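# Give me coordinates for this.
(2 chains)
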Amino acid sequence: MTLERIQVDYLARVEGEAALKITLSDGKIKDLMLNVFEPPRFFEGFLVGRRFEEVPELVSRICGICPVSHQITSLQAIEDALGIEVSQQTRDLRKLLALSQYIQSHSLHVYMLAAPDFLGYESALSMVEDYRPVVERALRMKRLGNDITAAIGGREVHPVTAAVNGFTKVPSRKVLRDFLLRLEQAKQDALETVKLIGSLQVPDLTRDCEHVALRSTNEYAINEGRLVSTKGLDIPVWQYRNHIKEKHVPHSNALHSYIVGRGSFLVGPLARVNLNFDRLSPDAQKAALETGVQFPNFNPFYSALARAIELVHSVDESIEIIERLDPVEEDRSFEVKGGEGFAITEAPRGVLYHSYRINDEGLVEAADIVTPTAHNVNNMEQDLREYVPRVINLPEEEARLKCEMVIRNYDPCFSCSTHFLRLEIKRQ
Amino acid sequence: MWRLNKPSVAVYKLSSCAGCQLEIVNLEPILFDLLGAVDIHYFVMAKRDNKPGPYDIGLVEGAVTCGEEIARLKQARKECRILVAFGTCACFGGIPSIKNWKPQRVVESIVYEDLSAIHSTTAYGIDNYVPVEAYLKGCPVSKDELVEFIKSILLGVRPYLRPHSVCVECKLHENVCLAVTKGEPCMGPVTTAGCGALCPSHQKPCEGCRGPANDPNPESLAETFKEYGLHKRDIVLKFRKFAGMNPEFAKGADAV
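Numbering: from 1, shown residues only, chains lettered A, B, ... in the order given. This next block holds a predicted model:
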């Protein structure tokens, strides 16, 4: 019996810490573990007993790359618990914040984390010599996303102004309109990105798996909507826990999300584009069609293209919001009466769930947070199980890179690890 | 002081959100200049091809929350000439240290059912285990301070890391004081500057994310909060957020 191993000790160009260990026996997978060695930080544990006003500030520290998503989701869950209806202006500013984070995070992933794999470089830093204009385009878009986040939120990482029932300070109409010119330029950059990523040869890994995303009747759903899937899930946010659960499976170190009665599922840009293609801006749809790639698409390697398509949409919708928005200071006062609340948003990496129970004194009694990476980790392993047999005959280094690419596709955030368990590394 | 020509840099991650590492990439307007001035040898979030040590400068992000991290931190200490606590988690334990004031098993059992595989320990900043040459505070770190620090090493001068309180920067911004005029519980008087008084400038009281300033008087601030009508419990929450393990902020929590 020949026993071989594909091992990646510390996955590079992802956020957080994880290792991949695949043991093969006679060419078949004997053991496959995505080992998340990111230590737990117990957010749901220490949130109990804190004040509800502190929650958005604290949970943004779950992740430095998508702090905006954690803030918005927690705010909406808290407002649901306290029975607060926010104004249209707050909705708009939150959507703009979320879009700015998409622009930042997607540019980072498409160019700095994923593209080097497709173009054969070890990092974006090493691409500079041959692809300087491309890297500059990436940095320009990323900076624009960051600057809009900072203009509304005060800072790009862990913004500070988003609060329960509104914003502590709103940007002026002029500050927002000053972004229009840069957004017009970013539109070209985003369209170029779709062309570039759409032209790349991707490996085939089409797999019958359920895709899950938010869907809204009148917009490309990011902060609000019903949770729907390609296999018939269609529920309001508060029913989430009746349908999506986690289990501890023996071969894995992470809790695995599954849909009750079915199995693993995929969340993220590909699921969103598949389920909401008709809600994308007309130019984003057009750019997608021009690539010749068919949607809905069940090859996870097209996640990078879906991200690029969302870049076009994010720029378009940002322009649309800025053109009609004229922010004014609003009264944020409300009475605290305890309750339980739920929220789901689409973080750049996919469906993010927050739920809180708050008492009449304003203290958190229970918190439940499930991050996109936690939703996806089960599916990452399923993808690898399907993919590994296709690459085991390649030279070891190449096989390892291909497996890493499967994981990097998901743009995983292993620090968003509130639901990850640790397990001993198995040695044979 | 150090003076290094094109220093090699390593970026390490302990328990954290990666926000401080991201701030390095967020230097994009001057990223190419930075890459010309230093050699980034080890940075797993950004590179696949990482070189082994030794390195001139090691930036350590995150708090120590488990035994394996102590070993990795000690290894980092051996590999680096200048070891930097990079961000509030590495300086003081940061947000992960909030769990320290509850029994460990209680916090763990809220999150996980099977505790057999959990090995978390009390969360500390990195200088609890190894000597540290410099502290870049903030949650996340201030990009300006990071650039200032690297420039100082290139020039061989002492970096200007602000010792005074956030109030100084708030006054420089000509902000109306949230504490004095509105009675809002602002941590600015006891917190290190360097953020440009970011939160008060956005109508939000300082939450102390950069840890204690030099020579603060946390007991007095705790008394003031009490006069503002804050519940004793809420005053404790203020001081045990970003740097509760620090002796100065501990005085504030113990004062009420």
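
# now the strands for chain B?
B:8-13, B:39-43, B:55-61, B:64-66, B:80-86, B:120-124, B:134-136 (DSSP state E).

# Can you tell me what sits against the fifth one?
In other words, strand B:80-86. B:2, B:10-11, B:20, B:53-61, B:76-77, B:91, B:125-127, B:130-136, B:141, B:149, B:153 (CB atoms under 8 Å, 6 or more residues apart in numbering or on different chains). (Each C-beta comes from the backbone N, C-alpha and C, glycine too.)

# In chain B, which residue sits closest to chain A?
At 2.4 Å from chain A, B:Gly19 is the closest residue in chain B, using CB to the nearest CB.

# The residue nearest to that residue when sequence neighbours are not counted: neighbour count?
Closest residue in space to B:Gly19, ignoring its immediate chain neighbours: A:Gly64 at 2.4 Å, by CB to CB, 6 or more residues apart in numbering or on different chains. Residues within reach of A:Gly64, counting by other CB atoms under 10 Å in any protein chain shown, total 26.

# Got phi/psi on A:Gly64?
phi -80, psi -20 (degrees, to the nearest 10).

# Relative to A:Val212, how far out is it?
Distance from A:Gly64 to A:Val212, counting by CB to CB, to the nearest Å: 25 Å.

# swap in A:Tyr302?
Distance from A:Tyr302 to A:Val212, by CB to CB: 17 Å.

# go on, A:Thr193?
In terms of CB to CB, A:Thr193 sits 25 Å off from A:Val212.

# and if you look at A:Cys66?
18 Å.

# can you check B:Gln104 too?
From B:Gln104 to A:Val212 the distance is 35 Å (CB to CB).

# okay, these two: which has more neighbours?
Neighbours per residue, other CB under 10 Å: of B:Gln104 and A:Val212, the larger number sits with A:Val212, 26 against 16.

# That one pairs with what?
Taking DSSP bridges as the rule, A:Val212 bridges to A:Ser229.

# Would you confirm that it contacts A:Ser229?
Yes. Using CB atoms under 8 Å, A:Val212 is in contact with A:Ser229, at 4.5 Å.

# where do the contact lists of the two overlap?
A:259, A:265.

# ok so, going back, okay if I get the strands of chain B as TSV plus mean pLDDT and distance to B:Arg210?
Formatted as TSV, the strands of chain B follow (pLDDT from 0 to 100; distance: least, CB to CB, whole Å):
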stretch	mean pLDDT	distance to B:Arg210
strand B:8-13	97	20
strand B:39-43	95	24
strand B:55-61	97	15
strand B:64-66	92	19
strand B:80-86	98	12
strand B:120-124	90	18
strand B:134-136	96	10
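
# Look at the closest residue to B:Tyr228 other than its chain neighbours and say how many residues are nearby.
Excluding its sequence neighbours, the residue lying closest to B:Tyr228 (CB to CB, 6+ apart) is B:Gly183, at 4.7 Å. The tally of other residues near B:Gly183 (other CB under 10 Å) stands at 14.

# my read: B:Gly183 touches B:Leu230, true?
No. The pair B:Gly183 / B:Leu230 is not scored as a contact, 9.6 Å apart, by CB under 8 Å.

# Burial check on A:Asn393, number of neighbours?
Neighbour tally, A:Asn393, other CB under 10 Å: 8.

# That one and A:Asp117, how far apart?
For A:Asn393, the distance to A:Asp117 - CB to CB - is 20 Å.

# Per-residue pLDDT of residue 225, please?
If you meant another chain, say so; for now it's chain A. Reported pLDDT at A:Gly225 in the predicted model: 98.

# wait, chain B
Taking B:Phe225 on its own, its pLDDT is 97.

# A:Leu139 reaches B:Leu31, doesn't it?
Yes. With contact defined as CB under 8 Å, A:Leu139 counts as touching B:Leu31 (6.6 Å).

# and those two? which has more neighbours close in?
Ranked by neighbour count (other CB under 10 Å), A:Leu139 and B:Leu31 place A:Leu139 first, with 22 against 18.

# Skip the chain neighbours and tell me the closest residue to the more buried one.
B:Glu28 (4.1 Å).

# remind me which residues of the stretch 101-250 of chain B are low pLDDT?
B:114-117 (pLDDT under 70).

# residues in it within reach of chain A, list them.
B:102, B:106-108, B:110-114, B:117-120, B:139-140, B:198-199, B:201-204, B:207, B:234, B:237, B:241 (CB under 8 Å from any CB of the partner chain).

# How are the helices of the stretch 301-428 of chain A distributed by residue range?
A:303-324, A:372-391, A:396-408 (DSSP state H, counting those that start in this stretch).

# Using a markdown table, lay out those helices together with mean pLDDT.
What follows is the helices of the stretch 301-428 of chain A, written out as a markdown table (pLDDT from 0 to 100):
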| stretch | mean pLDDT |
| --- | --- |
| helix A:303-324 | 98 |
| helix A:372-391 | 90 |
| helix A:396-408 | 88 |
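
# what's the most buried one of these?
helix A:303-324 (a mean of 24; mean count of other CB atoms under 10 Å in any protein chain shown).

# ok and that helix relative to helix A:396-408, angle-wise?
Here helix A:303-324 runs at an angle of 30 degrees relative to helix A:396-408 (axes from the mean of the first three to the mean of the last three CA atoms, to 10 degrees).

# Now do helix A:303-324: which elements does it pack against?
helix A:88-107, helix A:180-198, helix A:269-276, helix A:282-290 (3 or more CB pairs under 8 Å, 6 or more residues apart in numbering or on different chains; DSSP states H and E).

# what residue is smack in the middle of chain A?
A:Arg349 (1.3 Å; CA atoms, centre = their mean).

# Relative to chain B, how far out is the spatially closest residue to it that is not a sequence neighbour?
Using CB to CB, 6+ apart and skipping the chain neighbours, the partner closest in space to A:Arg349 is A:Pro372 (3.8 Å). Noted for A:Pro372: a distance of 15 Å to chain B, by CB to the nearest CB, to the nearest Å.
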